[in-house]
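Engineer: A structural model of the following input is requested.
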Amino acid sequence: MQTRLLYAGKNRMTAMRLATLDLPEGNAMRAPGEAPGMMALEIAMDEMAEKLDIDPVEFRIINDTQVDPEKPERPFSHRDLVGCLRLGAERFGWSDRGRPASRREGNWLIGLGVAAAFRNNLLVPSGARVRLDREGVITVETDMTDIGTGSYTIIAQTAAEMMGVPIEKVVVRLGDSRFPVSAGSGGQFGANCSTAGVYAACVKLREAIAQTLGFNSEDAMFENGEVRSGNRSVPLAEAAGSEGLAGEDTVEWEELADSHQQSTFGAHFVEVGVDIATGESRIRRMLAVCAAGRILNPITARSQVIGAMTMGVGGALSEELAVDLRRGFFVNHDMAGYEVPVHADIPHQEVIFMDETDPYSSPMKAKGIAELGLCGVSAAIANAIYNATGVRVRECPITLDKLIGSLPEVT
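Structural biologist: Residues are numbered from 1 along each chain as shown. Alright, predicted model coming up:
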């Protein structure tokens with residue numbers, strides 16, 4: 001998917017072929033297909049840039065597009081991959097990057113790598129019900145889930161801002177099938193879609209409050225726990241009456257996908273050190289620059305991105321599922337043999353969110369963020385290892401046995 005949308009070119013052909021194997025199906029595992037797919041594409045971009053003697057960042061900028069390369073009449077709703085690459089290069093010190101295997105600090109070969117990040121912005125119909133009680137408390141009900149990604153927080157924020165109350169006056173109830181159907185968590189569509197549904201329900205509740213008070217709903221202002229129209233101001237608790245009021249609605253995007261391509265973009269920059277004698281690779285610095293519309297909560301969004309970056313390190317350097325080809329079972333089916341990163345493996349991580357909004361994506365002008373922190377990480381690490389050593393590895397994990405035989409001579 002990312003190969004078809006990320007870069008433009010006059011001569012391009014993409015195809016997919018399926019192979020039947022006696023293994024469990026190839027499917028999403030802690031990330032969508034873009035995560036491993038970006039490694040193939042972005043290593044190829046680096047190889048082409050080297051053959052053309054063009055800086056890898058500049059090569060990606062040259063091949064940027066503002067329209068779907070396969071359907072030029074369909075523009076991207078908002079795309080700032082170029083901004084991510086340029087800002088990331090400046091903040092990361094990309095200009096210090098030398099030729100492959102040219103920089104050494106003691107026993108460590110040092111390299112810098114870059115890769116674009118891409119993930120489509122998926123739009124799923126999402127509904128919510130919002131209630132106002134006689135105490136002035138706003139209760140949001142939707143069957144959205146929170147799997148540790150901050151759904152409770154951003155949904156409460158949305159309702160509080162729409163109804164003009166402090167967040168302490170909002171109660172969020174999730175995960176009950178009796179509530180209006182929402183997007184659910186996964187694939188980086190949950191936040192944007194679920195908050196859009198809450199927004200729509202709040203609009204209905206505002207209309208109900210205005211109608212009850214005899215206000216023009218278009219002129220009514222909801223601030224500081226009150227609703228105002230002209231010179232008249234009424235506390236929300238009073239407007240609710242003894243029975244309370246409610247609003248319910250669902251957001252659907254109809255034909256938006258036909259008129260505009262919806263995607264999120266980013267750039268990953270990585271600095272690695274590779275031991276010249278053993279081939280051991282160590283991450284030294286990581287930077288992710290993300291363009292994903294309005295960021296609903298920068299704190300929780302940053303947590304998702306650095307978690308995704310950490311997952312990317314594991315996929316690139318240590319995580320490998322070993323299959324016994326004779327008996328067809330997984331050999332390393334526990335955490336003793338399947339190695340994931342720990343704190344000591346992860347260095348300084350920096351995340352930058354571009355200051356942008358997407359006018360088409362939703363009433364919130366937001367887009368998804370979580371997968372963007374992972375898609376491209378393994379490619380950036382592989383490209384950094386090549387810059388450090390001059391050894392090109394095109395498969396994960398990049399373990400020392402794939403490097404040690406081709407490293408520069410120890411001097």
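Engineer: what residues are up against N332?
Structural biologist: N332 makes contact with 320-322, 338 under the criterion CB atoms under 8 Å, 6 or more residues apart in numbering. Glycine gets a C-beta too; all of them are placed from N, C-alpha and C.
Engineer: ok, so of these, who is nearest I154?
Structural biologist: Y338 (32.7 Å; CB to CB).
Engineer: go ahead and list the helix or strand containing the closest one.
Structural biologist: Y338 belongs to no helix or strand when assigned by DSSP states H and E.
Engineer: separation between it and S378?
Structural biologist: 16 Å (CB to CB, to the nearest Å).
Engineer: between these two, which is the more surrounded one?
Structural biologist: S378 (30 against 16; other CB atoms under 10 Å).
Engineer: now the more buried one, what's its secondary structure?
Structural biologist: Classification of S378 using DSSP: H, G, I helix; E, B strand; the rest coil returns helix.
Engineer: before we move on, what about the one 4 residues further on?
Structural biologist: Three-state secondary structure (criterion: three-state DSSP) places A382 in helix.
Engineer: output stretch 356-370 as PDB, nothing but the C-alphas.
Structural biologist: Extracted in PDB, the C-alpha atoms of stretch 356-370 (Å, rounded to 0.1, in the frame of the first residue of the first chain):
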ATOM      1  CA  GLU A 356      -1.000  21.200  11.300                       C
ATOM      2  CA  THR A 357      -4.700  20.300  10.800                       C
ATOM      3  CA  ASP A 358      -6.400  18.200   8.100                       C
ATOM      4  CA  PRO A 359      -9.500  20.100   6.800                       C
ATOM      5  CA  TYR A 360     -11.100  16.900   5.500                       C
ATOM      6  CA  SER A 361     -10.200  14.200   8.000                       C
ATOM      7  CA  SER A 362     -12.900  14.800  10.600                       C
ATOM      8  CA  PRO A 363     -14.600  17.600  12.600                       C
ATOM      9  CA  MET A 364     -11.500  17.400  14.900                       C
ATOM     10  CA  LYS A 365      -9.200  17.900  11.900                       C
ATOM     11  CA  ALA A 366      -7.100  15.100  13.400                       C
ATOM     12  CA  LYS A 367      -5.700  11.800  12.000                       C
ATOM     13  CA  GLY A 368      -4.300   8.700  13.500                       C
ATOM     14  CA  ILE A 369      -0.800   8.600  15.000                       C
ATOM     15  CA  ALA A 370       0.100   5.300  16.700                       C
END
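Engineer: can you tell me what sits against it?
Structural biologist: Applying CB under 8 Å, 6+ apart, the contact partners of stretch 356-370 are 77-78, 80, 119, 121-123, 149, 158, 187-193, 195-196, 199-200, 251, 253, 256, 260, 262, 264, 290-296, 301, 304-305, 308.
Engineer: just list the residues touching the residue lying closest to V391 once chain neighbours are set aside, thanks.
Structural biologist: Once flanking residues are discounted, V391 sits nearest to S406: 4.6 Å by CB to CB, 6 or more residues apart in numbering. Under the criterion of CB under 8 Å, 6+ apart, the contact list for S406 reads 389-391.
Engineer: one more time with 10 Å
Structural biologist: 279, 389-393 (CB atoms under 10 Å, 6 or more residues apart in numbering).
Engineer: Q211 touches V227, doesn't it?
Structural biologist: No: in this structure Q211 lies outside contact range of V227 using CB atoms under 10 Å: 11.4 Å.
Engineer: give me the common contacts of those two.
Structural biologist: Counting by CB under 10 Å, 6+ apart, the residues touching both Q211 and V227 are 217, 220.
Engineer: between the two, point out the one with more neighbours.
Structural biologist: Between Q211 and V227, V227 has the larger neighbour count (other CB under 10 Å), namely 24 against 13.
Engineer: give me the distance between N107 and V313.
Structural biologist: 21 Å.
Engineer: who's more crowded, these two?
Structural biologist: Taking neighbours as other CB under 10 Å, N107 and V313 compare with V313 leading, 24 against 13.
Engineer: so who does the more buried one touch?
Structural biologist: 270, 281, 283, 286, 319, 340-341, 345-347, 349, 377-378, 381, 397.
Engineer: ok, now L245?
Structural biologist: Applying CB under 10 Å, 6+ apart, the residues contacting L245 are 130-134, 204-209, 211-212, 236, 239.
Engineer: so among those, which ones count as buried?
Structural biologist: Neighbour-count burial (16 or more other CB atoms under 10 Å) is assigned, among these, to 130-133, 204-209, 236, 239.
Engineer: quick check: the two most widely separated of the residues you listed?
Structural biologist: D133 and E207 (17.8 Å).
Engineer: returning to what we had before: for ChimeraX, what selects the buried ones among the contacts of V313?
Structural biologist: In ChimeraX, this line selects whichever of the contacts of V313 come out buried by 16+ other CB under 10 Å:
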select :270,281,283,286,319,341,349,377,378,381,397
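Engineer: which among the contacts of V313 gets closest to R4?
Structural biologist: Relative to R4, the closest of the contacts of V313 is S378; by CB to CB it sits at 19.9 Å.
Engineer: need the contact list for the closest one.
Structural biologist: 31, 35-36, 38-40, 42-43, 115, 268, 270, 311-317, 396-398.
Engineer: now do the strands in the stretch 51-200 of the chain.
Structural biologist: Counting by DSSP state E, counting those that start in this stretch, the stretch 51-200 of the chain has these strands, from start to end: 67-68, 71-75, 104-105, 108-120, 126-132, 138-142, 170-174.
Engineer: what pairs with the longest one, parallel or antiparallel?
Structural biologist: Next to strand 108-120 in the sheet, as set by DSSP bridges, lie strand 104-105 (antiparallel), strand 263-275 (antiparallel).
Engineer: tell me how far the first one lies from the chain's centre.
Structural biologist: What it means is strand 104-105. Taking CA atoms, centre = their mean, to the nearest Å, the mean C-alpha location of strand 104-105 is offset from the chain mean by 34 Å.
Engineer: one step back: quick check on the contacts of S378: which are buried?
Structural biologist: Buried, going by 16+ other CB under 10 Å: 31, 35-36, 38-39, 42-43, 115, 268, 270, 311-317, 396-398, out of the contacts of S378.
Engineer: tell me which of those fall in strands.
Structural biologist: Under the assignment DSSP state E, those contribute 115, 268, 270 to strands.
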